[in-house]
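Visitor: I would like the atomic coordinates for the input below:
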Amino acid sequence: MGRNKRRQILIALGLVMFLGIAVYLRLWTIDYRISSNDSDLLRRQFDLANQEAMDESAEWRKRFDLEFEKSAKCSRELDKIKKSTGEIEASSVLNRKMEMLQKENMDLLERVESLKQELEAEKLKCSMRNM
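Guide: As a prediction, this is how the structure comes out:
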């Protein structure tokens, strides 16, 4: 009887160990699948963030280009006025227009400079986000 009971205990212990190993392997395969799904999700999130950063950078570049073009246009008009005032006697209308264009040119140059700073700040923010 003692041997029979010991044998039953050993068989039960072996069966419990076998079931424990089976449960462990099952949990390990589930964790492996979840981990591989997480890496795909992280890659997709990174790709999405990268695309958004590129779009934002392109938008800032477009704003900068528009402001720069406005400033260049004002400079050309100012140069034309300066040339024409050298050839033609200066009148009060031309002087007022020239002053107005100079003021507008200064405002636009300040705006271009602020947009440059904002662009650099956004580039820095994007580069920090991608790290």
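Visitor: check contacts around the spatially most central residue of the chain.
Guide: Residue closest to the average C-alpha location in the chain (C-alpha atoms, centre = their mean): A53, at 2.3 Å. Counting by C-beta atoms under 8 Å, 6 or more residues apart in numbering, A53 touches 126, 129-130. In short, each C-beta sits where N, CA and C put it, glycine included.
Visitor: Select only the buried ones of the residues you listed in PyMOL?
Guide: Of those, the buried ones go into a single PyMOL selection, burial set by 16 or more other C-beta atoms under 10 Å:
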select buried, resi 126
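Visitor: Which one of the contacts of A53 is nearest to K80?
Guide: Nearest to K80 out of these is C126 (C-beta to C-beta; 39.9 Å).
Visitor: Rounded mean pLDDT for stretch 2-14, please.
Guide: Averaged over stretch 2-14, pLDDT sits at 87.
Visitor: Next one: Q45 relative to M128, how far apart?
Guide: Q45 sits 16 Å away from M128, going by C-beta to C-beta, to the nearest Å.
Visitor: got any ranges where the chain has weak pLDDT?
Guide: Low-confidence segments of the chain (pLDDT under 70): 1, 31-37, 85-91, 131.
Visitor: mind listing the helices for it?
Guide: 2-87, 92-130 (DSSP state H).
Visitor: Out of those helices, indicate the one that is most buried.
Guide: helix 92-130 (a mean of 13; mean count of other C-beta atoms under 10 Å).
Visitor: Off-centre distance for that helix?
Guide: Centre-to-centre, helix 92-130 and its host chain are 23 Å apart (C-alpha atoms, centre = their mean, to the nearest Å).
Visitor: now the angle from that helix to helix 2-87?
Guide: 170 degrees (axes from the mean of the first three to the mean of the last three C-alpha atoms, to 10 degrees).
Visitor: What is helix 92-130 packed up against?
Guide: Other elements packing on helix 92-130 under the criterion 3 or more C-beta pairs under 8 Å, 6 or more residues apart in numbering; DSSP states H and E are helix 2-87.
Visitor: wait, what's in contact with M100?
Guide: Applying C-beta under 8 Å, 6+ apart, no residues qualify as near M100.
Visitor: ok, it to L48 distance?
Guide: 47 Å.
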